[in-house]
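# Provided below are the primary sequence and the corresponding predicted coordinates.
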Amino acid sequence: MRESEYRMGERELKKPHFVFIHGAGGGSWCWYKIKCLMYNSGYTVTCLDLKGAGIDLSDPNKILSFDDYNKPLIDFLSSLPDHEEVVLVGHSAGGLSVTDASHKFPKKIALAVYVAATMLKHGFSTEQDVKDGAPDVSEFGDMYDLEFGLGPDQPPTSAIVKKEVERKLFYNMCPIEDVTLASMLLRPAPVYAFQRAEFKEGTEVVEKVPRVYIKTLYDRIVKPERQDRMIAKWPPSNVYVIESDHSPNFSNPFVLRGILVNAYASIGHTRT
């Protein structure tokens, strides 16, 4: 068997191309541990910066639609050959990006993976969607620094969690090195655009994309009970559980890597 292939039953499947999407305020850098683990195992790995994230210097206060924010992912999928499929992995708010792409490019996604992520079939189309999918950190008080790019009487255009609570909320089980890295690289997220993430087209084709959810047991941002509500509302084919905080890409990367590989192996043979 060639190194680039592995056997499932009587079939040989090429090792998949994994595409990783960060959460709010993050960037492609969030996946550095997973990328190394995957790359060393022979997988093709792409980590993207969405608009206003990572090294993309766009002003988040000027990103006013979700289509604009998610354009780097949509452009990437558009550039793929028609026959090529990817495993699309989204963390936290990156789940919105995965769902958007699943509506628009169902034939290019072999598997959609939600890691402690917002998994809503239609995005934030109703008040209940917001209750189910938006993080609730009200118990921690005033956690965010907000900017109002459209004026003080309008909704905030960007938000970033305050430095003093980053570790408590996002990285409570992470090595201090990763907490330090995140503190240096996190950027304000375009929350105005997130709130307008609605997916009303392609509601039938999106069901053809296999989905799995990776539930984080000690998550303080997207709490386990909130994850359970989204899972019950739009059941995926599999639910995996990982002992981690909101950021298993930092706190438990070896187990996360194993889950990702096993998730693809469990459904990969169903795609034609």
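That came through, no problem.

# and the nearest residue to Asp59 once chain neighbours are set aside, what are its phi and psi?
Closest residue in space to Asp59, ignoring its immediate chain neighbours: Gly52 at 6.8 Å, by C-beta to C-beta, 6 or more residues apart in numbering. Every C-beta, even on glycine, is put in place using the N, C-alpha and C of the backbone. Recorded main-chain torsions at Gly52 are phi 80, psi 10, according to degrees, to the nearest 10.

# contacts made by stretch 25-36 with the rest, please.
Contacts made with stretch 25-36 from outside it, assessed by C-beta atoms under 8 Å, 6 or more residues apart in numbering, are listed as 20, 22-23, 45, 47-49, 53-56, 91-92, 94, 160-161, 181-182, 185-189, 247, 249-250, 253, 256-257, 260.

# for stretch 139-146, same thing?
For stretch 139-146, contacts defined as C-beta under 8 Å, 6+ apart pick out Val137, Pro156, Ser158, Ala159, Ile160, Val161, Lys162, Val165, Lys168, Leu169, Pro188.

# same list (the residues you listed) but as CSV, adding secondary structure, distance to Lys131 and pLDDT.
Below are the contacts of stretch 139-146 laid out as CSV (DSSP: H, G, I helix; E, B strand; the rest coil; distance: C-beta to C-beta, whole Å; pLDDT from 0 to 100):
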residue, secondary structure, distance to Lys131, pLDDT
Val137, coil, 14, 72
Pro156, coil, 19, 96
Ser158, strand, 22, 97
Ala159, strand, 19, 95
Ile160, strand, 23, 95
Val161, strand, 21, 92
Lys162, coil, 24, 93
Val165, helix, 23, 91
Lys168, helix, 23, 92
Leu169, helix, 19, 92
Pro188, coil, 24, 97
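
# any stretches of the stretch 51-200 of the chain with poor pLDDT?
When residues are selected by pLDDT under 70, none of them lie in the stretch 51-200 of the chain.
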